[in-house]
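> Curious how this folds, go ahead:
(2 chains)
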Amino acid sequence: MPMTQEEVFKKVKDVLTSALAVDEEEVTPEAKLSEDLGAESIDYLDITFQLEKTFAIKIPKGELIPENLFSNPELVANGKVTPKGLEELKSRMPYANLSAFEQDPDVNKFRDIFTVNTLVNYVMTKVN
Amino acid sequence: MVRPGRYDPPAPPPHGRSGPAFSFFREVIMRWIWVDKFERFEPGVALTAIKNVSLAEEHLFDHFTDFPVMPASLMIEGMAQTAGILVGAAHNFAEKVVLAKINRATFERLVQPGETIVYAARIVNLNETGALIEGTVTCRKLVKGAWVELPVGHIDMMFSHIDQNMAGLKFPEDNFVFNSAFMTLFDGYCREIDVHFPGRNT
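Down below sits the predicted model:
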């Protein structure tokens, strides 16, 4: 039976409260994992493991968090993701809302793409 | 004085059936080993190791003066070593495995000298980037003349294969986590429980 967005959100919330030691109230759909919930790089690995376990899914390396993007000069120039880079991101991350990032595609703000909702949408594509 | 850091140990001695090569240990002075033996080893799945706690161990002298108990921090270290070996062995020690995070460490019982700590580590999830481990700690002790095994705690932890996770950072080519001194110890552990590890003289 397919899972609803609400069911997935509830379980993602459990994963995040446990992996990041944050309160349930802090885990809102719009909360940014790094800026709002304090996730560090190693936490992303933990979150990936916990999502795999919780939803019985496989998350191949580089699928949830694209790799080797920012070392390509065609995709990033002067610290900004190029239009071609944005197209690449859209095709690799169809589950992410990139509209805010498109306004200011500073590579340092790339992490802001990862909100609780981004995870929920990603998991939705895997479980259903 | 032994300092952490790079160390090139002398060549290991020929293998014998008498357990870890103690003369070799005197040479390399491997002091930071917090498991005594393997008890059960299912490569890629689970590893159970034991540690005997002795009143002669220096760390118990003032932990605490009149009430010696095994520090919880050292039980976390013991579990990290057990689990780290399990994770390293799962990829034939090709990866540099480092402890990345302690997800949970809860304790419900004190461990005292004369008791044996049992670290049981099980792989929950393993992939090319790292591993998630669930660990349980128990202790064997004599209670009114009978040996019993009692729960001590739960320690869950996560390991990272650092070469796969630190994009752009270069680490030494040689495996400083599982160096040759460690591998000699590992071979001895395996021989004692008759586990034959692929590619090793165990």
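> Chain B contacts on chain A?
A:18-19, A:41-43, A:45-46, A:48-50, A:52-53, A:61, A:67 (CB under 8 Å from any CB of the partner chain). Every C-beta, even on glycine, is put in place using the N, C-alpha and C of the backbone.
> min pLDDT across those residues, which one?
Checking pLDDT across the residues of chain A next to chain B, the minimum falls on A:Glu67 at 81.
> isn't that one right up against A:Lys61?
Yes - judged on CB atoms under 8 Å, A:Glu67 makes contact with A:Lys61 at a distance of 7.2 Å.
> could the residues of chain A next to chain B go into a markdown table alongside neighbour count?
Below are these laid out as a markdown table (neighbours: other CB atoms under 10 Å in any protein chain shown):
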| residue | neighbour count |
| --- | --- |
| A:Ser18 | 16 |
| A:Ala19 | 23 |
| A:Ser41 | 14 |
| A:Ile42 | 15 |
| A:Asp43 | 21 |
| A:Leu45 | 25 |
| A:Asp46 | 22 |
| A:Thr48 | 23 |
| A:Phe49 | 24 |
| A:Gln50 | 23 |
| A:Glu52 | 17 |
| A:Lys53 | 13 |
| A:Lys61 | 13 |
| A:Glu67 | 11 |
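> if you skip the residues just before and after it, what's nearest to the residue of chain A at minimum distance from chain B?
Nearest to chain B, among the residues of chain A, is A:Phe49, at 4.2 Å (CB to the nearest CB). In this structure, A:Phe49 finds its nearest non-sequential neighbour in B:Leu132, 4.2 Å apart by CB to CB, 6 or more residues apart in numbering or on different chains.
> isn't there a strand covering that neighbour?
Yes - according to DSSP: H, G, I helix; E, B strand; the rest coil, B:Leu132 belongs to a strand.
> Figure out how far the lengthiest helix in chain B is from the centre of its chain.
Longest helix in chain B by number of residues (criterion: DSSP state H): helix B:72-90. Computed by CA atoms, centre = their mean, to the nearest Å, the chain-centroid distance of helix B:72-90 equals 4 Å.
> do stretch B:177-184 as well
12 Å.
> for chain A, what spans make up the helices?
A:5-20, A:41-55, A:83-92, A:99-103, A:116-127.
> Can you show me the CA trace of stretch A:41-48 as CSV?
What follows is stretch A:41-48 as a C-alpha-only set of coordinates in CSV (Å, rounded to 0.1, in the frame of the first residue of the first chain):
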residue,chain,number,x,y,z
SER,A,41,28.4,16.6,7.2
ILE,A,42,28.7,13.3,9.1
ASP,A,43,25.0,13.6,10.1
TYR,A,44,24.0,13.3,6.4
LEU,A,45,25.6,9.9,6.3
ASP,A,46,23.7,8.9,9.5
ILE,A,47,20.4,10.3,8.1
THR,A,48,20.9,8.2,4.9
